[in-house]
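# Just need the structure, nothing else, for what follows:
(one chain, ligands or ions: 1)
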Amino acid sequence: MNKTIIVSNRLPVQLQIDKNVVKATPSVGGLATGMKSVHRDSNGIWIGWSGLIEEELTANLENAVKNKLKEHQCVPVGLTEKELEGYYFGFSNKTLWPQFHYFMQYAEFVNEDWETYKRVNEKFAIEVLKHLKEGDQVWVHDYQLLLLPEFIKKERPDVRVGFFLHIPFPSYEVFRTLPWRKELLQGMLGADLLGFHTYEYERHFLSSVQRLLGHNLEFNKILLDDREVVVDSFPMGIDYERFAKAANKQINLPVDQYSELRLKLEQHIKESPDTKFILSIDRLDYTKGIPNRLQAFEYFLEKYPEYQTKVRLIMLAVPSRSNVPQYQKLKNEVDQLVGSINGKYSSVGWTPIWYFYRSMPFENLIDLYNACDIALLTPLRDGMNLVAKEYVACREDLSGTLILSEMTGASQELGETFLINPNNYEEVANTLKQVLEMPLEEQQVINKALQKRLKRYNVERWAKDFLQALSERSEDESVITTKRLQGELLDSVLKKYVQAKKRLLFLDYDGTLAAFTKIPKNAKPTTNVFQLLDILNSDDKNELVIITGRDRETFEEWFGHKDYNLVVEHGAWAKLKGKGWEVEEVLTNEWFESIFPILESFTDRTPGSLIEEKDYSLAWHYRGADPDLAKQRVRALISTISQLIANHNLEILEGDKVVEIKISGVNKGRSASKFVMNENYDFIFAMGDDWTDEFMFRDLPEETITVKVGPKKTIAKHRVDNTEHVLELLKAFTMPESEEVLRVRK
Ligand code: GDG
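Predicted structure coming up:
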């Protein structure tokens, strides 16, 4: 049975070792809950670090841990102390975490940590590959494993890989400052589906991919050479029922079962019934905005002194990553702030802040959610923030108000509540006052709407949606029906080639024989290309034609010394073997004067774009321009020029990052067809990457072997991935029976 392999840094079980006996308790975090059914059903397994370093484990103990984890369908990845230091505390938490949360000043760029991060990601990959069976799929989680999708895909291109990022993806301007930015993106692009909490993160990711790797996008699809990657947002939900039920259970608990915390809370409510509780819960992390929350609270007490003694901030800060210096600094800062505010405002019987620096049992957490009238959550950046959702889910009588930072992913979904900018103390203070005075009925209207949504889009639904989208990826891929020219298909083409008596070969130039360069003039043919073309051209059985949209001058400069058949400017000019350049189509360029100034004005306003002037056509290249700006400009340019072209019998061609204006009806298809008319060929072959090559694929005889280079839609019968593969294929033509070719064919 096909299974889903879940991979995350930590496993969803906690291990305790007591006198060499291993015990495992399943953790009840959001992720573990969401994945429960995926994990339990269909023999799914979960791969991750067990929480124990290898140095702690004797051989016996290691086996005991493995066996214990096996009972929970978990597989550990062993990490040494050094690996944990570099990969987890180092690169994950001192580089990626601050950078992705816009704390660039905290981000450390340590090459050794990066190397360890890579190595550990590879270690995870080895474990995943060990357990992969045909038909399985993999779902990788979070920033500790950004490179894992690529490592898996490289070894097992047939396996569907999903990736979800639980933290924000920063804007391109922030992401680009990372020294390993391209490798990180490439690592993530090993996935077939990439999920983020919000559309904003998705947008930032797409923009970085486009700008740093130059891949083309089609809405939320990234077009790679050999496949497509879909990017989408899936806001993570909570286990709603668990929280709602727990809240109900805690409320109805008999008094003799109250926890110490609950007793304290109840006593306080009894003593001062009109004092309101304000709740704040987070891991003690600089992203959570705890100091600014305290300062905003102090400002509130200052600005509205009538609320002194009438409110109390209950702050739970859960210890986290306390061996990272920034976290120690933060702890000191928070301690001092709490001390100073309590020192300044406390009176007999009233301290403004109750501060807990510890982790609490789940029931206590629920007691806090139940008891507090307001939740004040002010992260400076937070991927989602589940605490906000949990607070709402626990409000059984629909009372209570959530004040939430607009810098959290959750704020996108909880629009009905009070959203604040955590740096604006004035706004936080005024909002606090407003909600303290808000009638119960209004609170209930808001919470009703929020609860309805959170109940529906819970964590299970989130996991289901993601996996549904992941399974659609394989169906999507079948849309590309054009078969890759490899294996048996390639064998049969080579066989036909060898048996043929008279062959006609059409080869496009840019994107086919040469990879794209930012400046078109730089895409000169390499020695390797010349060697291959020379061999093909000198074979008496071959009629080789290089067919391009390029201008005559460039081709004369590059290929003038060779006796090849050349067709340029989509067929306007041709230079046939043994002859000079001849006009193939009677063309005019008188129209240049009306179009050129328009292109110039677009070029001036689009940095990185340029005009290519050919004998009978004009091309506006925007490969070097900002992709978003270029997209806008292309639409505007086409709309401006469309109004003029009718008078001149012109047409506009949209190529790969180029817009070309030329006389209509002149195209590669018409030109290629002329060759076919003169001779009887028993092997016709045409290869190209651009949509101008589609004219060739369309107009050449049915039996033509048509080959598209790259992943775009085509009417060609076959496909190769990129220019490298083109050259391999041509090499195979030059020596179809050689050892090397036989190897490639496999
Ligand atoms: C990352 C992203 C994203 C907290 N204190 C106690 C306790 N908790 C539980 C809460 C909640 C969870 O921990 C915290 O979740 P958050 O979402 O608020 O924050 P991160 O840990 O930073 O998580 C975040 C999340 O991933 C999911 O994608 O939302 O943005 O940073 O569930 O209830 N639980 C117990 N005692 C505590 O003292 N038992």
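# where in the chain is pLDDT low?
For the chain, applying pLDDT under 70 flags the ranges 28-30, 41-42, 475-481, 737-746.
# hmm, 50 instead?
When residues are selected by pLDDT under 50, those of the chain lie in 478-479.
# So which residues on it come close to the ligand?
30, 166-167, 236, 281, 283, 316, 318, 359-360, 362, 365, 382-387, 390 (Cβ under 6 Å from any ligand atom). Any C-beta I mention is one placed from the backbone N, CA and C, and that applies to glycine too.
# let's go with 5 Å and repeat that
Residues of the chain found near the ligand (Cβ under 5 Å from any ligand atom) are 166, 236, 318, 359-360, 362, 365, 382-387.
# how near is the nearest residue to Val324 once chain neighbours are set aside to Met188?
Of all residues beyond its chain neighbours, the one nearest Val324 is Asn93 (5.9 Å), with distances taken as Cβ to Cβ, 6 or more residues apart in numbering. Asn93 sits 19 Å away from Met188, going by Cβ to Cβ, to the nearest Å.
# for Ala246, same thing?
Applying Cβ to Cβ to Ala246 and Met188 gives a distance of 36 Å.
# what about the two, which has more around it?
Shown here are Ala246 and Met188; by other Cβ atoms under 10 Å, Met188 has more neighbours (25 against 21).
# Find the nearest non-adjacent residue to Arg473, please.
Leaving aside its chain neighbours, Arg473 sits nearest to Asp192 (4.3 Å; criterion: Cβ to Cβ, 6+ apart).
# Would you map the helices across the stretch 51-200 of the chain?
Ranges of helices within the stretch 51-200 of the chain are 59-71, 81-83, 97-100, 111-131, 148-155, 172-175, 181-188, 199-208, based on DSSP state H, counting those that start in this stretch.
# just to revisit the earlier point, let me see the contact set for the residue nearest to Arg473.
160-162, 227, 229-230, 470, 473-474 (Cβ atoms under 8 Å, 6 or more residues apart in numbering).
# Just send the residues you listed back as TSV, with neighbour count too.
Listed next are the contacts of Asp192 as TSV, based on neighbours: other Cβ atoms under 10 Å:
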residue	neighbour count
Arg160	22
Val161	27
Gly162	24
Arg227	17
Val229	23
Val230	19
Leu470	22
Arg473	19
Ser474	12
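# Inside strands: which ones of these?
160-162, 229-230 (DSSP state E).
# Report how many residues lie close to Val586.
8.
# How is it assigned, secondary-structure-wise?
Three-state assignment for Val586 (DSSP: H, G, I helix; E, B strand; the rest coil): coil.
# what about it, distance to Ala572?
Val586 is 9 Å from Ala572, by Cβ to Cβ.
# Tell me, how many residues neighbour the closest residue to the ligand within the stretch 151-300 of the chain?
Per Cβ to the nearest ligand atom, His166 is where the stretch 151-300 of the chain lies closest to the ligand, at 3.5 Å. His166 has 18 neighbouring residues, counting by other Cβ under 10 Å.
# got the phi/psi numbers for it?
Backbone geometry at His166, expressed as degrees, to the nearest 10, gives phi -90, psi -10.
# Tell me the spacing between it and Trp46.
16 Å.
# what's the spacing between the residue lying farthest from the centre of the chain and Val311?
Of all residues in the chain, Val348 has its C-alpha farthest from the mean position, at 54.6 Å, by Cα atoms, centre = their mean. Separation of Val348 from Val311 (Cβ to Cβ) stands at 17 Å.
# cool, and Ile53?
Taken as Cβ to Cβ, the span from Ile53 to Val311 is 45 Å.
# who has more neighbours, the two?
Shown here are Ile53 and Val311; by other Cβ under 10 Å, Val311 has more neighbours (21 against 16).
# what is the more buried one paired to in the beta sheet?
Judged by DSSP bridges, the bridge partners of Val311 are Lys276.
# what residues are up against it?
Shown in contact with Val311 (Cβ under 8 Å, 6+ apart): 275-278, 300-301, 352, 432, 436.
# JSON lines for the residues you listed, including neighbour count?
Shown next, in JSON lines, are those (neighbours: other Cβ under 10 Å):
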{"residue": "Thr275", "neighbour count": "15"}
{"residue": "Lys276", "neighbour count": "16"}
{"residue": "Phe277", "neighbour count": "19"}
{"residue": "Ile278", "neighbour count": "24"}
{"residue": "Phe300", "neighbour count": "26"}
{"residue": "Leu301", "neighbour count": "21"}
{"residue": "Pro352", "neighbour count": "23"}
{"residue": "Leu432", "neighbour count": "28"}
{"residue": "Leu436", "neighbour count": "17"}
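# hmm, back to that, between the contacts of Asp192, which is closest to Phe506?
Nearest to Phe506 among those: Arg227, at 26.4 Å, using Cβ to Cβ.
# which residues does Glu218 bridge with?
For Glu218, the beta-bridge partners are Lys221 (DSSP bridges).
# burial of the residue lying closest to Pro76 once chain neighbours are set aside, as a residue count?
Excluding the flanking residues, the one nearest Pro76 by Cβ to Cβ, 6+ apart is Ser50, at 4.0 Å. Neighbour count for Ser50, taken as other Cβ under 10 Å: 25.
# what about Arg698, which SS state?
helix.
# Would you format the residues of the chain next to the ligand as TSV with secondary structure included?
Converted to TSV, the residues of the chain next to the ligand look like this (three-state DSSP):
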residue	secondary structure
His166	coil
Met236	coil
Val318	strand
Ser359	coil
Met360	coil
Phe362	helix
Leu365	helix
Asp382	strand
Gly383	coil
Met384	coil
Asn385	coil
Leu386	helix
Val387	helix
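# any chance of those in TSV, with distance to Pro736 too?
Below are the residues of the chain next to the ligand laid out as TSV (distance: Cβ to Cβ, whole Å):
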residue	distance to Pro736
His166	51
Met236	54
Val318	66
Ser359	68
Met360	72
Phe362	69
Leu365	70
Asp382	60
Gly383	54
Met384	56
Asn385	61
Leu386	60
Val387	65
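# Among the residues you listed, name the buried ones.
Using 16 or more other Cβ atoms under 10 Å as the burial test, these include 166, 236, 318, 360, 365, 382-387 as buried.
# I'd guessed Val583 sits against Ala572; true?
Yes - between Val583 and Ala572 there is a contact at 7.1 Å, judged by Cβ atoms under 8 Å.
# what about these two, which has more around it?
The neighbour count for Val583 versus Ala572, taken as other Cβ under 10 Å, is higher for Ala572 (25 against 12).
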